[in-house]
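Chemist: Generate a structure from the sequence data that follows.
(chains A and B)
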Amino acid sequence: DGGITQSPKYLFRKEGQNVTLSCEQNLNHDAMYWYRQDPGQGLRLIYYSQIVNDFQKGDIAEGYSVSREKKESFPLTVTSAQKNPTAFYLCASSKVGGAEQFFGPGTRLTVL
Amino acid sequence: SQELEQSPQSLIVQEGKNLTINCTSSKTLYGLYWYKQKYGEGLIFLMMLQKGGEEKSHEKITAKLDEKKQQSSLHITASQPSHAGIYLCGALQGGAGNMLTFGGGTRLMVKP
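Modeler: Residues are numbered from 1 along each chain as shown, chains lettered A, B, ... in the order given. Predicted structure coming up:
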(Lines give C-alpha, C1' and ligand atoms only; values in the text may rest on other atoms or scores of the structure.)
Protein backbone atom coordinates (compact mmCIF):
# COMPACT_ATOMS: atom_id res chain seq x y z
CA ASP A 1 0.00 0.00 0.00
CA GLY A 2 1.26 3.44 -0.89
CA GLY A 3 1.39 6.07 1.76
CA ILE A 4 3.31 8.53 3.83
CA THR A 5 4.86 7.67 7.19
CA GLN A 6 6.25 9.78 10.00
CA SER A 7 8.33 8.71 12.94
CA PRO A 8 8.37 8.82 15.82
CA LYS A 9 4.75 9.46 16.80
CA TYR A 10 5.80 11.10 20.08
CA LEU A 11 9.10 12.83 20.74
CA PHE A 12 10.47 14.49 23.84
CA ARG A 13 13.40 16.85 23.76
CA LYS A 14 15.35 18.77 26.32
CA GLU A 15 15.89 22.45 25.75
CA GLY A 16 19.01 23.15 23.73
CA GLN A 17 18.93 19.88 21.80
CA ASN A 18 18.40 19.44 18.09
CA VAL A 19 15.97 16.73 17.02
CA THR A 20 15.14 15.24 13.62
CA LEU A 21 11.67 14.15 12.52
CA SER A 22 11.40 11.54 9.81
CA CYS A 23 9.04 11.64 6.81
CA GLU A 24 8.98 8.96 4.11
CA GLN A 25 6.61 8.47 1.18
CA ASN A 26 6.26 5.73 -1.43
CA LEU A 27 3.69 7.52 -3.57
CA ASN A 28 6.29 8.64 -6.12
CA HIS A 29 5.39 12.26 -5.38
CA ASP A 30 7.81 15.00 -6.35
CA ALA A 31 6.59 17.57 -3.81
CA MET A 32 6.87 17.27 -0.03
CA TYR A 33 5.91 19.65 2.77
CA TRP A 34 6.31 20.19 6.49
CA TYR A 35 3.62 21.90 8.54
CA ARG A 36 3.34 22.86 12.16
CA GLN A 37 0.01 22.76 14.02
CA ASP A 38 -0.52 24.39 17.40
CA PRO A 39 -3.52 23.62 19.63
CA GLY A 40 -6.75 25.02 18.23
CA GLN A 41 -5.03 26.39 15.16
CA GLY A 42 -4.66 25.56 11.51
CA LEU A 43 -1.51 24.42 9.76
CA ARG A 44 1.45 26.67 9.03
CA LEU A 45 4.00 25.83 6.35
CA ILE A 46 7.59 25.39 7.53
CA TYR A 47 9.42 24.15 4.42
CA TYR A 48 8.54 22.58 1.10
CA SER A 49 10.40 20.82 -1.67
CA GLN A 50 9.29 20.28 -5.24
CA ILE A 51 12.29 18.31 -6.42
CA VAL A 52 15.25 16.40 -5.02
CA ASN A 53 18.10 18.57 -3.74
CA ASP A 54 15.94 21.68 -3.69
CA PHE A 55 13.70 23.16 -1.00
CA GLN A 56 12.13 26.47 -0.11
CA LYS A 57 11.27 28.25 3.13
CA GLY A 58 7.65 28.50 4.11
CA ASP A 59 6.01 31.00 6.43
CA ILE A 60 7.75 29.92 9.65
CA ALA A 61 11.14 28.44 8.66
CA GLU A 62 13.22 30.10 11.40
CA GLY A 63 14.73 27.53 13.76
CA TYR A 64 14.13 24.62 11.37
CA SER A 65 16.18 22.92 8.66
CA VAL A 66 15.45 20.26 6.05
CA SER A 67 17.17 18.13 3.43
CA ARG A 68 15.90 16.38 0.32
CA GLU A 69 18.57 13.92 -0.76
CA LYS A 70 16.09 11.30 -1.93
CA LYS A 71 12.68 11.65 -3.56
CA GLU A 72 11.11 9.48 -0.87
CA SER A 73 12.50 11.26 2.17
CA PHE A 74 12.18 14.78 3.61
CA PRO A 75 13.50 14.91 7.20
CA LEU A 76 12.92 17.99 9.36
CA THR A 77 15.40 19.09 12.02
CA VAL A 78 14.12 21.24 14.85
CA THR A 79 17.13 23.17 16.09
CA SER A 80 17.81 24.75 19.44
CA ALA A 81 17.21 28.11 17.75
CA GLN A 82 13.48 27.37 17.56
CA LYS A 83 12.11 29.23 20.57
CA ASN A 84 8.83 27.41 20.97
CA PRO A 85 9.13 23.99 19.34
CA THR A 86 6.40 22.14 21.24
CA ALA A 87 3.77 21.39 18.59
CA PHE A 88 2.26 18.77 16.30
CA TYR A 89 4.26 18.36 13.08
CA LEU A 90 2.68 17.10 9.88
CA CYS A 91 4.41 16.00 6.70
CA ALA A 92 2.62 15.88 3.35
CA SER A 93 3.37 15.00 -0.25
CA SER A 94 1.74 15.63 -3.60
CA LYS A 95 2.23 15.57 -7.32
CA VAL A 96 3.34 18.91 -8.68
CA GLY A 97 0.59 21.00 -10.25
CA GLY A 98 -2.31 21.72 -7.91
CA ALA A 99 -3.02 18.15 -6.84
CA GLU A 100 -4.24 17.20 -3.38
CA GLN A 101 -1.73 16.77 -0.60
CA PHE A 102 -1.53 13.47 1.24
CA PHE A 103 -0.68 13.74 4.93
CA GLY A 104 1.25 11.54 7.30
CA PRO A 105 -0.02 10.69 10.81
CA GLY A 106 2.06 13.40 12.47
CA THR A 107 4.71 13.67 15.18
CA ARG A 108 3.97 15.33 18.49
CA LEU A 109 7.09 17.07 19.80
CA THR A 110 7.29 18.15 23.43
CA VAL A 111 10.16 20.15 24.84
CA LEU A 112 10.83 19.42 28.49
CA SER B 1 -0.80 37.03 1.55
CA GLN B 2 -4.02 35.08 1.46
CA GLU B 3 -5.93 34.51 4.69
CA LEU B 4 -8.67 31.98 5.35
CA GLU B 5 -11.19 32.40 8.12
CA GLN B 6 -13.36 29.50 9.21
CA SER B 7 -16.59 29.77 11.13
CA PRO B 8 -17.65 28.64 13.55
CA GLN B 9 -14.46 27.75 15.42
CA SER B 10 -16.28 25.00 17.25
CA LEU B 11 -19.66 23.35 16.98
CA ILE B 12 -21.62 20.88 19.09
CA VAL B 13 -24.65 19.29 17.45
CA GLN B 14 -27.09 16.55 18.34
CA GLU B 15 -26.81 13.40 16.26
CA GLY B 16 -29.10 13.59 13.25
CA LYS B 17 -28.93 17.37 12.90
CA ASN B 18 -27.60 19.19 9.85
CA LEU B 19 -24.74 21.66 10.08
CA THR B 20 -22.72 24.05 7.93
CA ILE B 21 -19.10 25.19 8.20
CA ASN B 22 -17.89 28.23 6.29
CA CYS B 23 -14.50 29.16 4.90
CA THR B 24 -13.98 32.75 3.75
CA SER B 25 -10.94 33.92 1.84
CA SER B 26 -9.38 37.37 1.67
CA LYS B 27 -8.58 36.75 -2.00
CA THR B 28 -10.02 34.86 -4.97
CA LEU B 29 -9.82 31.12 -4.49
CA TYR B 30 -8.08 29.18 -7.27
CA GLY B 31 -8.49 25.84 -5.59
CA LEU B 32 -10.13 25.04 -2.27
CA TYR B 33 -9.52 21.82 -0.36
CA TRP B 34 -11.51 20.42 2.53
CA TYR B 35 -9.79 18.06 4.96
CA LYS B 36 -10.91 16.26 8.11
CA GLN B 37 -8.63 15.58 11.06
CA LYS B 38 -9.16 13.31 14.03
CA TYR B 39 -7.45 14.67 17.14
CA GLY B 40 -3.73 13.88 17.11
CA GLU B 41 -3.79 12.39 13.62
CA GLY B 42 -3.07 13.40 10.06
CA LEU B 43 -5.47 15.04 7.63
CA ILE B 44 -7.85 13.08 5.44
CA PHE B 45 -8.75 14.62 2.08
CA LEU B 46 -12.47 15.17 1.58
CA MET B 47 -12.99 17.28 -1.54
CA MET B 48 -11.46 19.85 -3.83
CA LEU B 49 -13.33 22.67 -5.56
CA GLN B 50 -12.01 24.86 -8.34
CA LYS B 51 -14.78 26.39 -10.34
CA GLY B 52 -17.14 29.10 -9.15
CA GLY B 53 -20.51 27.54 -8.35
CA GLU B 54 -19.03 24.06 -8.15
CA GLU B 55 -20.62 21.60 -5.74
CA LYS B 56 -19.35 18.16 -4.74
CA SER B 57 -20.74 15.51 -2.45
CA HIS B 58 -19.30 12.51 -0.67
CA GLU B 59 -21.70 10.41 1.36
CA LYS B 60 -23.50 12.93 3.59
CA ILE B 61 -21.01 15.77 3.13
CA THR B 62 -21.50 18.45 0.47
CA ALA B 63 -19.10 21.27 -0.32
CA LYS B 64 -19.75 24.34 -2.45
CA LEU B 65 -17.62 27.13 -3.84
CA ASP B 66 -19.54 30.34 -4.33
CA GLU B 67 -19.75 32.10 -7.70
CA LYS B 68 -17.38 34.86 -6.69
CA LYS B 69 -14.88 32.23 -5.53
CA GLN B 70 -14.12 33.78 -2.19
CA GLN B 71 -16.13 31.52 0.09
CA SER B 72 -16.77 27.83 0.47
CA SER B 73 -19.22 25.99 2.67
CA LEU B 74 -19.23 22.43 3.94
CA HIS B 75 -22.62 20.97 4.80
CA ILE B 76 -23.20 17.74 6.71
CA THR B 77 -26.64 16.17 6.55
CA ALA B 78 -27.97 14.02 9.39
CA SER B 79 -24.75 14.18 11.41
CA GLN B 80 -23.35 11.06 13.07
CA PRO B 81 -20.73 10.57 15.81
CA SER B 82 -18.32 9.45 13.06
CA HIS B 83 -18.43 12.99 11.65
CA ALA B 84 -16.76 14.39 14.77
CA GLY B 85 -13.32 15.90 14.29
CA ILE B 86 -11.63 19.02 13.01
CA TYR B 87 -12.53 20.28 9.56
CA LEU B 88 -9.92 22.38 7.78
CA CYS B 89 -10.13 24.31 4.55
CA GLY B 90 -7.00 24.93 2.53
CA ALA B 91 -6.58 27.34 -0.37
CA LEU B 92 -4.19 26.86 -3.22
CA GLN B 93 -1.86 29.82 -3.35
CA GLY B 94 -1.46 31.55 -6.69
CA GLY B 95 1.72 31.05 -8.70
CA ALA B 96 3.89 27.99 -9.06
CA GLY B 97 3.73 25.05 -6.76
CA ASN B 98 1.11 23.39 -4.61
CA MET B 99 1.39 25.50 -1.50
CA LEU B 100 -1.74 25.65 0.59
CA THR B 101 -2.84 28.24 3.11
CA PHE B 102 -5.06 26.73 5.80
CA GLY B 103 -7.89 28.13 7.86
CA GLY B 104 -7.87 27.78 11.63
CA GLY B 105 -10.18 24.76 11.59
CA THR B 106 -13.65 24.01 12.93
CA ARG B 107 -13.91 21.53 15.78
CA LEU B 108 -17.10 19.47 15.49
CA MET B 109 -18.59 17.37 18.25
CA VAL B 110 -21.68 15.22 17.66
CA LYS B 111 -23.65 14.20 20.71
CA PRO B 112 -25.29 10.75 20.51
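Chemist: For residue A:61, see how far away residue A:50 is.
Modeler: 15 Å (C-beta to C-beta, to the nearest Å). Heads up, the C-betas are built off the backbone N, CA and C, glycines and all.
Chemist: give me the low-pLDDT residue ranges for chain A?
Modeler: Chain A contains residues with pLDDT under 70 at A:1, A:98.
Chemist: and the residue nearest in space to the middle of it, what does it touch?
Modeler: Nearest residue to the geometric centre of chain A (C-alpha atoms, centre = their mean): residue A:34, 3.1 Å. Neighbour list for residue A:34: A:23, A:45-48, A:58, A:64, A:66, A:74, A:76, A:89-92 [criterion: C-beta atoms under 8 Å, 6 or more residues apart in numbering or on different chains].
Chemist: Now do the strands in the chain.
Modeler: With no chain named, the answer covers chain A. For chain A, the strands defined by DSSP state E cover A:4-7, A:10-13, A:19-25, A:31-37, A:43-51, A:54-57, A:64-66, A:76-78, A:87-94, A:102-103, A:107-111.
Chemist: Correction: the question concerned chain B.
Modeler: Going by DSSP E, chain B shows strands at B:4-7, B:10-14, B:19-25, B:32-37, B:43-49, B:55-58, B:61-65, B:71-76, B:85-92, B:100-102, B:106-111.
Chemist: Let's have those strands in JSON lines, adding mean pLDDT.
Modeler: Output for these, formatted as JSON lines (pLDDT from 0 to 100):
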{"stretch": "strand B:4-7", "mean pLDDT": "95"}
{"stretch": "strand B:10-14", "mean pLDDT": "97"}
{"stretch": "strand B:19-25", "mean pLDDT": "96"}
{"stretch": "strand B:32-37", "mean pLDDT": "95"}
{"stretch": "strand B:43-49", "mean pLDDT": "94"}
{"stretch": "strand B:55-58", "mean pLDDT": "93"}
{"stretch": "strand B:61-65", "mean pLDDT": "96"}
{"stretch": "strand B:71-76", "mean pLDDT": "97"}
{"stretch": "strand B:85-92", "mean pLDDT": "94"}
{"stretch": "strand B:100-102", "mean pLDDT": "90"}
{"stretch": "strand B:106-111", "mean pLDDT": "96"}
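Chemist: who in chain B is up against chain A?
Modeler: Counting by C-beta under 8 Å from any C-beta of the partner chain, the residues of chain B close to chain A are B:4, B:6, B:9, B:31, B:33, B:35, B:40-45, B:48, B:88, B:90, B:92, B:97-100, B:102-105, B:107.
Chemist: re earlier: dump the strands of chain B to a markdown table, plus distance to residue A:38.
Modeler: A markdown table is the format used below for these (distance: least, C-beta to C-beta, whole Å):
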| stretch | distance to residue A:38 |
| --- | --- |
| strand B:4-7 | 15 |
| strand B:10-14 | 16 |
| strand B:19-25 | 19 |
| strand B:32-37 | 13 |
| strand B:43-49 | 15 |
| strand B:55-58 | 29 |
| strand B:61-65 | 26 |
| strand B:71-76 | 23 |
| strand B:85-92 | 13 |
| strand B:100-102 | 12 |
| strand B:106-111 | 14 |
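Chemist: What count of nearby residues applies to the residue nearest to residue A:50 when sequence neighbours are not counted?
Modeler: Once flanking residues are discounted, residue A:50 sits nearest to residue A:31: 4.9 Å by C-beta to C-beta, 6 or more residues apart in numbering or on different chains. Residue A:31 is flanked by 20 other residues according to other C-beta atoms under 10 Å in any protein chain shown.
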